[in-house]
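Asks: The sequence isn't on hand, but the structure is:
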Ligand SMILES: NC(=O)c1ccc[n+]([C@@H]2O[C@H](COP(=O)([O-])OP(=O)(O)OC[C@H]3O[C@@H](n4cnc5c(N)ncnc54)[C@H](OP(=O)(O)O)[C@@H]3O)[C@@H](O)[C@H]2O)c1
């Protein structure tokens, strides 16, 4: 983080990083060895952990973690500081009343999406903004925001907000600052409240400063209040209890954007400023979290069990799927890419599940089904013509890209069929 303003010194976390020094982050880890009586080997911990596959901590701002059956990643985002920021910012700073009209910017980010969800659950009318059509769709369809717009497609934000809030905004949860803050202030109602959480549009441009019309603030008695979530630790138990209840009842959705490997940190970080992330951006540097995540995710997404699992990856995902299959479940074993470049790795699904649930797992090779080719092509062409099927392709150009295109498959770089185009025609 850059230090651009003297007041950043008011918080230990707001100061800049020093070249050559480790970089701290909020994370989850597992204790390998401990000389601190607070922690034992194999404990999960959450708090300030420096970037690295291994890190040394003196125990400052680090606590033992009970994952409560949730994926470890939840404790970095939803049940960690992003969640607390959204919860404290919305309920303590904005002091909402049911039916009030709420606007949230960077609404697909880790804080914004939760602000919107808390506000909806509380009974407010919620409009969000985000920077891509996909994000708009997720927020509207999955998270049930009342309205969402792509601010990059709007030429006059003041007018845009008038359109979405013909009766004015009661609460603005600001994550971006800049022109969006100016436009929101112009559209606030009497006694409106602005929670100033972040100003991401200004972080990479030291010249940029929002200049809201302060006469609006005076005449409409608007409150603009900056806050740091760390000041609201006393709300942590209440926030976790409520959020866990919402999770269990399926009323809150988790948006996470996880990249794998320490080497992905720079691109994951820079991508935030391009708006690449959907939800909490997390970098997973160790394997342990995967096992836990798969197991719990399967249970979370299939509370009534899985009937069919089409397996392309093998490994822990297959194990987790088998644990969550229904009676007479069927598994098509198509590929096991997670095991291809690790000769030691083998899925070890619990075979008792196969027996008691009469599960069938069947490996197959598509070449054995050439007789289906005409039927498959006819149907798929029909779907293509009627626009019912979408094509995902990932084309790289030139013979020289073959190697990276191939290796990238094992890193998950491709979206859809990876094809190398070697000729121009
Ligand atoms: N006060 C606190 O205690 C506290 C705690 C945590 C975070 N924060 C702040 O709260 C804000 C949100 O944090 P977060 O963790 O939710 O963020 P995040 O998950 O990292 O998401 C950031 C999102 O902001 C949007 N964005 C990036 N550049 C932008 C620009 N120039 N103009 C408008 N939008 C832009 C992008 O989405 P789209 O462009 O696609 O919308 C991006 O995905 C940040 O400013 C952060 O610094 C404050």
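Replies: Looks like it came in fine. Predicted, not measured: the structure shown is a model, and the values here were computed from it.

Asks: which stretches of the stretch 101-250 of the chain form helices?
Replies: Under the criterion DSSP state H, counting those that start in this stretch, the stretch 101-250 of the chain contains helices at 112-122, 133-137, 157-164, 178-186, 200-203, 214-219, 236-248.

Asks: Would you mind giving the ones you listed as TSV with distance to residue 349 and mean neighbour count added?
Replies: No exception for glycine: its C-beta is placed from N, CA and C like everyone else's. Shown next, in TSV, are the helices of the stretch 101-250 of the chain (distance: least, CB to CB, whole Å; neighbours: other CB atoms under 10 Å):
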stretch	distance to residue 349	mean neighbour count
helix 112-122	34	25
helix 133-137	34	16
helix 157-164	50	17
helix 178-186	49	22
helix 200-203	44	18
helix 214-219	61	12
helix 236-248	26	16
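
Asks: how about these in JSON lines, adding distance to residue 147?
Replies: As requested, the helices of the stretch 101-250 of the chain are arranged in JSON lines below (distance: least, CB to CB, whole Å):
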{"stretch": "helix 112-122", "distance to residue 147": "11"}
{"stretch": "helix 133-137", "distance to residue 147": "9"}
{"stretch": "helix 157-164", "distance to residue 147": "5"}
{"stretch": "helix 178-186", "distance to residue 147": "15"}
{"stretch": "helix 200-203", "distance to residue 147": "21"}
{"stretch": "helix 214-219", "distance to residue 147": "23"}
{"stretch": "helix 236-248", "distance to residue 147": "22"}
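
Asks: of those, which approaches the ligand most closely?
Replies: helix 200-203 (3.5 Å; CB to the nearest ligand atom).

Asks: Residues contacting that closest one, please?
Replies: Residues outside helix 200-203 that contact it (CB atoms under 8 Å, 6 or more residues apart in numbering) are 2, 4, 106, 175-180, 208-210, 272-273.

Asks: Likewise for stretch 149-158?
Replies: Counting by CB under 8 Å, 6+ apart, 105, 127, 129-133, 135-136, 160, 164, 179-180, 182-183, 186-187 sit against stretch 149-158.

Asks: Show the end-to-end separation of it, please.
Replies: This stretch, stretch 149-158, spans 13 Å end to end (CA to CA, to the nearest Å).

Asks: how about it: buried residues?
Replies: 149, 151, 154, 157 (16 or more other CB atoms under 10 Å).

Asks: what's the closest of those to the ligand?
Replies: For those, the nearest to the ligand is residue 151 (6.7 Å; CB to the nearest ligand atom).

Asks: quick one: the closest one from residue 133, how far?
Replies: 12 Å (CB to CB, to the nearest Å).

Asks: And residue 377, by the same measure?
Replies: From residue 377 to residue 133 the distance is 31 Å (CB to CB).

Asks: do residue 167 as well
Replies: Here residue 167 is placed at a distance of 27 Å from residue 133 (CB to CB).

Asks: Okay, now the unreliable bits of the stretch 251-400 of the chain?
Replies: For the stretch 251-400 of the chain, the stretches flagged by pLDDT under 70 are 287-300.

Asks: got the residues of it near the ligand?
Replies: 272-273, 275, 277, 280-281 (CB under 6 Å from any ligand atom).

Asks: again, 8 Å this time
Replies: Residues of the stretch 251-400 of the chain lying close to the ligand by CB under 8 Å from any ligand atom are 257, 271-281.

Asks: What segments of the stretch 51-200 of the chain are strands?
Replies: 62-64, 101-104, 125-130, 147-150, 169-174, 188-196 (DSSP state E, counting those that start in this stretch).

Asks: what mean pLDDT does the second one have?
Replies: Going back to what we said before, that points to strand 101-104. When pLDDT is averaged over strand 101-104, the result is 98.

Asks: May I have the strands that pair with it, each with its orientation?
Replies: Here strand 101-104 has these sheet partners by DSSP bridges: strand 125-130 (parallel), strand 169-174 (parallel).

Asks: try the first one
Replies: Using DSSP bridges, the strands paired with strand 62-64 in its sheet are strand 44-50 (antiparallel).

Asks: Also the longest one?
Replies: Here the strand partners of strand 188-196, with direction, are listed using DSSP bridges: strand 169-174 (parallel), strand 223-226 (parallel).

Asks: Pull out the buried residues from the last one.
Replies: Applying a neighbour-count criterion of 16+ other CB under 10 Å, one finds residue 224 buried in strand 223-226.

Asks: and that strand, anywhere near the ligand?
Replies: Yes. Strand 223-226 is in contact with the ligand by CB under 8 Å from any ligand atom, via residue 226.

Asks: How far off centre is that strand?
Replies: Here the centre of strand 223-226 is set off from its chain's centre by 27 Å, with CA atoms, centre = their mean, to the nearest Å.

Asks: Now residue 128: closest residue in space, sequence neighbours ignored.
Replies: Counting by CB to CB, 6 or more residues apart in numbering, residue 128 lies nearest to residue 107, which is 2.8 Å off, once chain neighbours are set aside.

Asks: The one you found and residue 113 touch, don't they?
Replies: Yes. Between residue 107 and residue 113 there is a contact at 6.2 Å, judged by CB atoms under 8 Å.

Asks: Mind putting the strands paired with strand 188-196 into a markdown table with mean pLDDT?
Replies: Formatted as a markdown table, the strands paired with strand 188-196 follow (pLDDT from 0 to 100):
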| stretch | mean pLDDT |
| --- | --- |
| strand 169-174 | 98 |
| strand 223-226 | 94 |
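
Asks: can you put these in JSON lines and add distance to residue 55?
Replies: As requested, the strands paired with strand 188-196 are exported to JSON lines (distance: least, CB to CB, whole Å):
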{"stretch": "strand 169-174", "distance to residue 55": "33"}
{"stretch": "strand 223-226", "distance to residue 55": "31"}
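
Asks: Of those strands, which is nearest residue 321?
Replies: Proximity to residue 321 (CB to CB) singles out strand 169-174 among the strands paired with strand 188-196, at 38.0 Å.

Asks: Looks like residue 74 contacts residue 254 (just checking).
Replies: Yes. The pair residue 74 / residue 254 is scored as a contact, 6.5 Å apart, by CB under 8 Å.

Asks: Which of these two has more residues huddled nearby?
Replies: In this view residue 74 and residue 254 are compared by other CB atoms under 10 Å, and residue 74 has more residues nearby, 25 against 20.

Asks: Would you enumerate the residues in contact with the more buried one?
Replies: 67, 80, 247, 254.

Asks: can you list the residues that contact stretch 30-43?
Replies: Here stretch 30-43 has contacts from 44-45, 54, 58-59, 62, 64-65, 286, 288, using CB under 8 Å, 6+ apart.

Asks: Scan these and report the most crowded one.
Replies: residue 45 (21 neighbours).
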